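In: for reference, the sequence and a predicted model appear below.
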Amino acid sequence: MQSMKKFAVALALCSAAAAHAADIKVGIALDISGPFAALGAEARDGFELAIEKLGGKLGGQPAEFIRTDFGGNPEQANQLVARYLQRDKIDFFTGPIGSNAALAVGPALFAAKVPYLSANPGPSAYAGEKCSPWFFAQYQNDTYDEAAGKVANEKGYRNVVLIAPNYPAGKDHLNGFKRLYKGAVKDEIYTKLGQIDYAAEIAQIRAAKPDAVFFFLPGAMGINFVKQFVGGGLKDVPLIAPGFSADEDVIQAVGEPMLGVLNTAHWTHDLQNPANAEFVSSFRKKYDGRYPSVYAAMAYDTLMAMDAAVRDAGGKVEDREAVLKALKNPSFKSLRGEFRYGANNFPVQNYYLREVGKDAEGRITNKLVGTTLEQHQDAYVGACKM
Amino acid sequence: MDAIFVFEQLLNGLGYGLMLFLIAAGLTLVFGIMDTMNLAHGSLYMAGAYVAARVHEASASFALAVAVAVAVTVAVAAVLEFLVIRRLYRRDHLVQVLATFGIILIADDAVKAIWGVAPLLASTPAALAGPVQLFEGLPYPSYRLLLIGAGLAVALGLYLLVNNTRVGMLVRAGASNRQMAEFMGVRVGAVFAFVFALGAGLAALAGALMAPISSVQIGMGEAILIPALVVIVIGGIGSVRGAFVAALLVGLVDTAGRAFLPPALRAVLPPSVAADLGPALAGIAMYVLMAAVLTLKPAGLFPARG
Amino acid sequence: MHERFPGLARRLPWLVLALLAAFPLFAPAFGLEYYVGFVRRVLIVAIAATSLNFILGYGGMAALGHAGFIGVGAYTVVALVEAGFSSAWLAWGGAAAVAGLAAAAIGAVSLRTRGVYFIMITLAFAQMLYYLAVSLRTWGGDDGYGIYTPLEMGVWLDGAHAQVFYWVVLAIAALVFALFSRVAHSRYGQALRGIRDNETRMVALGYPVYRLKLAGFVAAGAVAGLAGGLLASHNAFVSPGMMHWTQSALLLVMVMLGGLGRRWGAPLGVALWLTLEEALKMHTDYWHWPLGVLLLLVVFHAPQGVAALLERRAGKEAAR
């Protein structure tokens, strides 16, 4: 509740500043109800911290950060973006957690020449055929899985069972894993979206006797699965996941059974660089000592990228070409460390292996193990013509 | 595929079926006796899970957590009954859907305000965290055995209550012919309040027991509501026996669909077609079952009303 | 009202229509361009709601799977676009036709059941369609499908112009509304109402009850499919979320909020609900509960819906 109050105050301050006519406007579509609510709330906290740190300004200029919940529904995201574009006349857009919402709102933003800095999803369509100079990604969806595939090689796993929900994104993630993984795929299991009971799948996994299990089950599905997996006596079978199936939201909800889960991401809270150290400590101070998740970090980074771009473009956001050029050559200190954008505006960056363990205070959280992929680029960049 | 594997999957199906029965029992009771379609049953389930998760975390006693969850939820339900549900008994089903849908919207925001949107930690009681060896080559999660036991106990308890007690007699009278029961001087109001509280208690019990193996978060009630409704409709609305049989049926069909359908299709179809078709069919198995049952028996397997 | 202004009740629909038609012309002057799109969405949803109000309000068929037909319509447009067709009229016509066929198949099975069983079996079919769409890879599955080039409406109706599309939607909505209003008071409509009130009697009177209900169900399904096709054009995007059961429930809620079986019920309910949702979301993150409270208020204080409330008020004023 305390954070809600602070949020309200921040909001009031923003709207007070909004009286200024030439404010820079940032449209933020929030996911704080609906299927991605937990991740959306993390992103909101990251945005909020960044706005505080920037003093409500971008590049030293007064800015308005319009935040609206769209309930994780792509159709509503579409509607919201129409409002941001036509009514609020935004200069930047960011926010949605789901790939489906990102794909739904993209065309309208690109047509209106409004830069869309993704705070999470990097759908393959935008990395390849449907790439756009107006879209900037934090990572490509499959790159986490590619890193996980390499981890499986390094750990010497020869037989792996893969499990994901039965929708195209689930298949994309499993294909991403297989891209770098060299061993055998013992079984590929596709489950129902929003499934609650995983007993049948767990029995199949036990019967397959794999060296490890790679799972992509976002949100509640992952929580259900890991709880039941460990309860089913498969504690000794290693679990590998892309970072979003094993981030703070899942870890804090599952607890002890998460210990030892290997996962990959382009950022971790114990990554050593000054910007990150400052971010993590101010985040923990503001939010009762809890660790930020990758969603909070990306949200924070997104606003920092906007800040730098506005400054580098000389404060003239109307000059969209100058803003694009500045965005493309980021001058801010990213929480993830060094990175650069590829031809498709998707980053070329490091991917790290994390393992769920305990920190000095006994709190269960992700710990950095090492770098898995160095300055890695996504597999779709070749299909992008722009 | 060996015999143990098939047996294990059958057991999984029964386990899932009994979980569904835990949730469906309260729903069918309220629906059958009070003729009230209570979509907010899922919200009561969520309340049970949240309270149990918090109390378990704070007190480290799972039994206490379940007890407190049931007590708190029944208290909330009593208030709800007094304020809203009581005035819905004689209304149309659609009006009940409208009102209880409204309650879902309010409940979700209330939970968000109290506990936030992040899913809560709900751990398995330490004694039941691991598997037990049922026999050679078949470890089975001990917590699931507890769920199976709870499901059977609830089924037995309801059977005895409905068939062997005075309340049960009133309940049966109300379910089969409400007007007649009222003519005979049954204090329907009191019976209904009791039944609603009982239904809420069962929802909370289900929520508290499901919390350690599922995600405790906003929307969990709506996610379980649909399978629960499918169960009571297949069983015949208002029939506890029907709900029991239907829950086991749905559990078995759903589990079998997931466990055996994809490999079976792979054996007869080209791999790419099978890979697309298998999980898709498994996902809708429950709905196909319901449509098939209702096509043959338009009032469910065990119609309670004449 | 009827007595004091005898012509108003008759003229009101035309007045509303004229105002709606003029809206895109004066909207830019007041900086309301965005609301042209918003009203267009309200109109499209109102088309679907009107069809639901017809079978539910007049026919007593409580379908909880109506969003399924909207989805079938939308995915028909996707299929036609994917196959290389670009005519809007073909796409929307196809959407209505395919959804009508789906409604015929689903209705043929579902209409054998009654009451809550009917509610649930329509829900089951819609859920099957939902899961089918989620797993269909060619049309984007759960990620949805973007329609990148707008459909063409013909030589003199440029599809790229938002305003033209608005007027097309308005014309279709007006037609659908007029059609259903007329049918509701035709002999067929009266037969439907007779079935709603007492099905046994209608059977006894020799009416082909099942066939009459099925006809209504198919018509409503086709119109919902048309709304789905329009929605696909409106959003330039289609996703399985359109046919999730909560969307069906919302449609039902909007119709009941407006007034079941009331002529103005569906459009009023849709306009009220969507406007409130839009306004609440702009001001608070907790935008669900006020809507919940509204539903309870309607249930207890305006059980016949907002339309009936307005009619009653108008009646009272006339009596004064």
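Out: Ah, there it is. Numbers count the residues shown, from 1 in each chain, chains lettered A, B, ... in the order given.
In: now do the helices in chain A.
Out: In chain A, the helices defined using DSSP state H lie at A:2-17, A:37-53, A:74-83, A:99-111, A:124-127, A:143-155, A:168-180, A:199-208, A:220-231, A:248-254, A:274-286, A:294-312, A:320-328.
In: may I see the buried residues of the last one?
Out: Going back to what we said before, that points to helix A:320-328. A:320, A:322-324, A:326-327 (16 or more other CB atoms under 10 Å in any protein chain shown). For every residue, glycine as well, the C-beta is placed using N, CA and C.
In: excluding its backbone neighbours, what's nearest B:F5?
Out: Computed as CB to CB, 6 or more residues apart in numbering or on different chains, the closest residue to B:F5 that is not its neighbour in sequence is A:A207, at 5.4 Å.
In: same deal with A:G194?
Out: Of all residues not flanking A:G194 in the chain, B:A223 sits nearest, at 5.8 Å (CB to CB, 6+ apart).
In: the helix or strand containing B:S43 near chain C anywhere?
Out: B:S43 is located in helix B:41-59, with elements delineated by DSSP states H and E. No. Applying CB under 8 Å from any CB of the partner chain, one finds that helix B:41-59 is not in contact with chain C, the shortest distance being 10.5 Å.
In: could you say what helices and strands that helix packs with?
Out: In this structure, helix B:41-59 makes packing contacts with helix B:3-34, helix B:62-83, helix B:93-115, helix B:188-210, helix B:220-235, judged by 3 or more CB pairs under 8 Å, 6 or more residues apart in numbering or on different chains; DSSP states H and E.
In: the second one vs helix B:41-59, what angle?
Out: Spelled out, it's helix B:62-83. Going by axes from the mean of the first three to the mean of the last three CA atoms, to 10 degrees, helix B:62-83 is angled at 140 degrees with respect to helix B:41-59.
In: helix B:62-83 vs chain A: in contact?
Out: No. Helix B:62-83 stays clear of chain A (CB under 8 Å from any CB), getting no nearer than 13.8 Å.
In: list the helices and strands that helix packs on?
Out: Packed against helix B:62-83, as judged by 3+ CB pairs under 8 Å, 6+ apart, are the following elements: helix B:41-59, helix B:188-210.
In: neighbouring contacts of that helix?
Out: By CB atoms under 8 Å, 6 or more residues apart in numbering or on different chains, the list of residues contacting helix B:62-83 from outside reads B:40, B:44, B:47-49, B:51-53, B:55-56, B:59, B:103, B:125, B:193, B:196-197, B:199-201, B:203-205, B:207-209.
In: buried only: go through those residues for me.
Out: Burial by neighbour count, judged by 16+ other CB under 10 Å, picks out B:40, B:44, B:47-49, B:51-53, B:55-56, B:103, B:125, B:193, B:196-197, B:199-201, B:203-205, B:207-209 from those.
In: in which helix or strand does the closest residue to C:A102 other than its chain neighbours reside?
Out: For C:A102, ignoring the flanking residues on the chain, the nearest one in space by CB to CB, 6+ apart is C:V72 at 4.8 Å. The secondary structure element spanning C:V72 is helix C:66-82 (assigned by DSSP H and E).
In: next SSE downstream of that helix?
Out: Sequence-wise, the next helix or strand beyond helix C:66-82 is helix C:88-110, with elements assigned using DSSP H and E.
In: and whichever helix or strand comes after that next one with chain B, contact?
Out: Per DSSP H and E, the first helix or strand lying C-terminal to helix C:88-110 is helix C:115-135. Yes. Using CB under 8 Å from any CB, we find that helix C:115-135 touches chain B at C:115-117, C:119-121, C:123-125, C:127-128, C:131-132, C:134-135.
In: grab the most central residue of the chain for me.
Out: Just so you know, I chose chain A. Taking CA atoms, centre = their mean as the criterion, A:N120 is the residue nearest the geometric centre of chain A, at 3.3 Å.
In: please refer instead to chain C.
Out: By CA atoms, centre = their mean, the mean C-alpha position of chain C lies nearest to C:A48, the distance being 1.5 Å.
In: so that residue touches C:V72, yeah?
Out: No. With contacts counted by CB atoms under 8 Å, C:A48 stays clear of C:V72, the gap being 11.9 Å.
In: shared neighbours, the two?
Out: With CB under 8 Å, 6+ apart as the test, C:A48 and C:V72 both reach C:G228.
In: return the residues of the stretch 201-320 of chain C in contact with chain A.
Out: With CB under 8 Å from any CB as the criterion, the stretch 201-320 of chain C meets chain A at residues C:231, C:235-237, C:239, C:241-242, C:278, C:281-282, C:285, C:287-288.
In: are any of these buried, and which?
Out: Members of these that pass the buried threshold by neighbour count (16+ other CB under 10 Å) are listed as C:231, C:235-237, C:239, C:241-242, C:278, C:281, C:285, C:287-288.
In: and the pLDDT for residue 288?
Out: Let's take chain A. You'll see A:D288 listed with a pLDDT of 91.
In: you looked at the wrong chain, it should be chain C
Out: Per-residue pLDDT puts C:H288 at 92.
In: same check on C:M282?
Out: Reading off the per-residue confidence, C:M282 sits at a pLDDT of 86.
In: what does A:M4 give?
Out: At A:M4, the predicted lDDT confidence score is 46.
In: can you check the one 4 residues further on too?
Out: The score at A:A8 is 48. That number is its pLDDT.
In: picking up where we left off before, so which of the residues of helix C:115-135 next to chain B wins on neighbours?
Out: The most neighbours of any of those, using other CB atoms under 10 Å in any protein chain shown, belong to C:A124, which has 30 neighbours.
In: circling back to that earlier point, what is the helix holding C:V72 packed up against?
Out: helix C:33-53, helix C:88-110, helix C:115-135, helix C:209-235, strand C:237-238, helix C:245-258.
In: try it again at 6 Å.
Out: For helix C:66-82, the elements it packs on are helix C:88-110, helix C:115-135, helix C:209-235, helix C:245-258, judged by 3 or more CB pairs under 6 Å, 6 or more residues apart in numbering or on different chains; DSSP states H and E.
In: one step back: separation between the residue nearest to the residue nearest to the centre of chain A when sequence neighbours are not counted and B:E136?
Out: For A:N120, ignoring the flanking residues on the chain, the nearest one in space by CB to CB, 6+ apart is A:I97 at 5.1 Å. Here the distance between A:I97 and B:E136 works out to 46 Å (CB to CB, to the nearest Å).
In: of those two, who's got more company?
Out: Neighbours per residue (other CB under 10 Å) separate A:I97 from B:E136, with A:I97 holding more: 32 against 6.
In: how about the contacts made by that one?
Out: Remark: with contacts taken as CB atoms under 6 Å, 6 or more residues apart in numbering or on different chains, A:I97 is in contact with A:31, A:36, A:39-40, A:120.
In: at 8 Å what do you get?
Out: A:31, A:36, A:39-40, A:43, A:72, A:119-121, A:295.
In: just A:G382 next, same as before
Out: Applying CB under 8 Å, 6+ apart, we find A:G382 in contact with A:G128.
In: which SS class is B:L134?
Out: For B:L134, the reduced secondary structure class is strand; criterion used: DSSP: H, G, I helix; E, B strand; the rest coil.
In: wait, it sits on B:Y140?
Out: Yes. Contact between B:L134 and B:Y140 holds when scored by CB under 8 Å: they sit 4.8 Å apart.
In: these two: which is more packed in?
Out: B:Y140 (22 against 15).
In: host element of the more buried one?
Out: For B:Y140, the host element (DSSP H and E) is strand B:138-141.
In: hmm, who's touching that strand?
Out: A:199, A:206, A:228, A:231-233, B:4, B:7-8, B:11, B:130-134.
In: need phi/psi at the residue in chain B that chain A sits nearest to.
Out: At 3.3 Å from chain A, B:P131 is the closest residue in chain B, using CB to the nearest CB. Its backbone dihedrals place B:P131 at phi -90, psi 160, with angles given as degrees, to the nearest 10.
In: what about it, how many neighbours?
Out: Taking other CB under 10 Å as the neighbour definition, B:P131 ends up with a count of 21.
In: and it, what pLDDT?
Out: Looking at B:P131, its pLDDT stands at 87.
In: right, I'll call it a day here.
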